[in-house]
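J.: I would like to see how this sequence folds:
(one chain, ligands or ions: 2)
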Amino acid sequence: MKITRISTWRVPPRWMFLKIETDEGIVGWGEPVLEGKARTVEAAVHELSEYLIGQDPARINDLWQVMYRAGFYRGGGILMSAIAGIDQALWDIKGKALGVPVYQLLGGLVRDKVKTYSWVGGDRPADIIRDIKERVAVGFDTFKMNGCEELAVIDSSRAIDAAVNKVAEIREAFGNSIEFGLDFHGRVTAPMAKVLIKELEPYRPLFIEEPVLAEQAEYYPRLAAQTHIPIAAGERMFSRFEFKNVLAAGGLAILQPDLSHAGGITECMKIAAMAESYDVALAPHCPLGPIALASCLHVDFVSWNAFIQEQSMGIHYNKGGEVLDYVLNKEDFALESGHIKPFTRPGLGVELDEALIIERSKNAPDWRNPLWRHVDGSVAEW
Ligand SMILES: O=C(O)C(=O)C[C@@H](O)[C@H](O)CO
Ligand SMILES: [Mg+2]
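T.: Numbering: from 1, shown residues only. Ligands and ions are numbered 1, 2, ... in the order given. This is a model prediction of the structure:
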């Protein structure tokens, strides 16, 4: 079999779909995207396609190493997202060629279903209680929300209290009938993370995500030493070579690689195994579309240390689209009490409406996250 063509479509709300065609008629789909940088990743995909056209798609490992190593420069969000989407499509092709779901190619199921969580509250946590009640009504018991709004480098006790009181209200309303992760979203500096985490300790969040920015990873073990709350991070780390360093340094209880940012299934399987060797849990990041989610789930289905999966149904980022809009086999993504069962179709298991993708790509937005500024006019982390 030979790769004959690689096509890409940027589509609402902020995703990109990639299609790899072969000379035997088997087609694979991937979702290479870095939120807000879709055009840049698209250019990277087409630069990488020069290594792929005419090649055997079955040689996933060799193609992955060529894409990663052949161009001298490597790593980072753009290149690793481009590789990720191509890798997903190659696994899709291999599963379809052999007639089995991708997880069967990865050693088979380690669990019968995967637990998911639901985002609530939006960019500025508001109406959290209402949102949680709505999601509890459809079977979720685990949630994630932004842990705070923008915080100054050193901020006031009032700002800390505003964040903590929101969490106190949740525990007051629901007790421990629900669990929730708090995403600091990189908005909190290391000094303020120490203060905020201390005040959150009594409310026992399931985890605190990105307590500081990935470029401050040296604080993970220091913050972990002061709290019993599990620390999670990973959406802004892009290869096993980055995860290697944070695992060795300690401090992270949960790794959150993104299957569309960290080199795809091939790379994230290695990251999952590295995490297991340090007794670190896996919870892949996925505020994206259906192929990204399916790729996460195949890794979750075979990784013993995977404990929960992010999915973007109803997420506040998806203005203008829902995660299953382009999916024909919506029923395969059905949630039962927040859990998804293994796909049965060959490959990644996602049947896409290609005509709708092409149509919607004609009006693809150039999604950007908002530019926030502090009251003094300086840039704030969003
Ligand atoms: O889902 C998460 O955990 C996030 O932090 C969302 C963030 O990754 C946005 O998608 C960036 O645009
Ligand atoms: Mg996050």
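
J.: what's the spacing between the closest residue to Asp258 other than its chain neighbours and Ala292?
T.: Leaving out its chain neighbours, the residue that sits closest to Asp258 by CB to CB, 6 or more residues apart in numbering is His285, at 4.1 Å. The way it works is simple: take the backbone N, C-alpha and C, and place the C-beta from them, glycine included. According to CB to CB, to the nearest Å, His285 and Ala292 sit 9 Å apart.

J.: residues of the stretch 101-250 of the chain that sit close to ligand 1?
T.: Residues of the stretch 101-250 of the chain lying close to ligand 1 (CB under 6 Å from any ligand atom) are Asp183, His185, Glu235.

J.: do a quick rundown of the helices in the stretch 251-382 of the chain.
T.: Ranges of helices within the stretch 251-382 of the chain are 264-277, 290-302, 354-361, based on DSSP state H, counting those that start in this stretch.

J.: for Glu47, find the nearest of the ones you listed.
T.: Closest to Glu47 of the helices of the stretch 251-382 of the chain, according to CB to CB: helix 264-277, at 16.7 Å.

J.: re earlier: so which of the residues of the stretch 101-250 of the chain next to ligand 1 are in strands?
T.: Among those, the members found in strands (DSSP state E) are Asp183.

J.: more neighbours, His285 and Ala292?
T.: Shown here are His285 and Ala292; by other CB atoms under 10 Å, Ala292 has more neighbours (32 against 26).

J.: tell me which residues of stretch 232-252 come out buried.
T.: Buried residues in stretch 232-252, counted by 16 or more other CB atoms under 10 Å: 232-240, 242-243, 246-247, 251-252.

J.: ugh, wrong one, stretch 322-338
T.: Buried residues in stretch 322-338 (16+ other CB under 10 Å): Val323, Leu324, Asp325, Tyr326, Val327, Asp332, Phe333, Leu335, Gly338.

J.: and for stretch 134-146?
T.: In stretch 134-146, counting by 16+ other CB under 10 Å, buried: Arg135, Val136, Phe140, Asp141, Thr142, Phe143, Lys144, Met145, Asn146.

J.: out of those residues, which sit inside strands?
T.: By the criterion of DSSP E, membership of the buried residues of stretch 134-146 in strands covers Thr142, Phe143, Lys144, Met145, Asn146.

J.: in what helix or strand does the nearest residue to the second one once chain neighbours are set aside lie?
T.: Translated: Phe143. Distances taken as CB to CB, 6+ apart place Phe180 nearest to Phe143, at 4.4 Å, with adjacent residues excluded. For Phe180, the element it lies in under DSSP states H and E is strand 179-183.

J.: which elements pack onto that strand?
T.: If contacts are counted by 3 or more CB pairs under 8 Å, 6 or more residues apart in numbering; DSSP states H and E, strand 179-183 sits against strand 142-146, strand 207-209.

J.: and the nearest residue to Leu106 once chain neighbours are set aside, what does it touch?
T.: Computed as CB to CB, 6+ apart, the closest residue to Leu106 that is not its neighbour in sequence is Val302, at 4.4 Å. Contact partners of Val302, counting by CB atoms under 8 Å, 6 or more residues apart in numbering, are Tyr103, Leu106, Gly107, Gly108, Leu109, Val110, Met269.

J.: verify the stated contact: the fifth one with Phe343.
T.: It refers to Leu109. No - between Leu109 and Phe343 there is no contact under CB atoms under 8 Å: 10.9 Å.

J.: now do the shared contacts for those two.
T.: Shared contacts of Leu109 and Phe343, defined by CB under 8 Å, 6+ apart, are found at Tyr103.

J.: ok, these two, which is more surrounded?
T.: When neighbours are counted by other CB under 10 Å, Leu109 and Phe343 differ, and Phe343 comes out ahead with 21 against 13.
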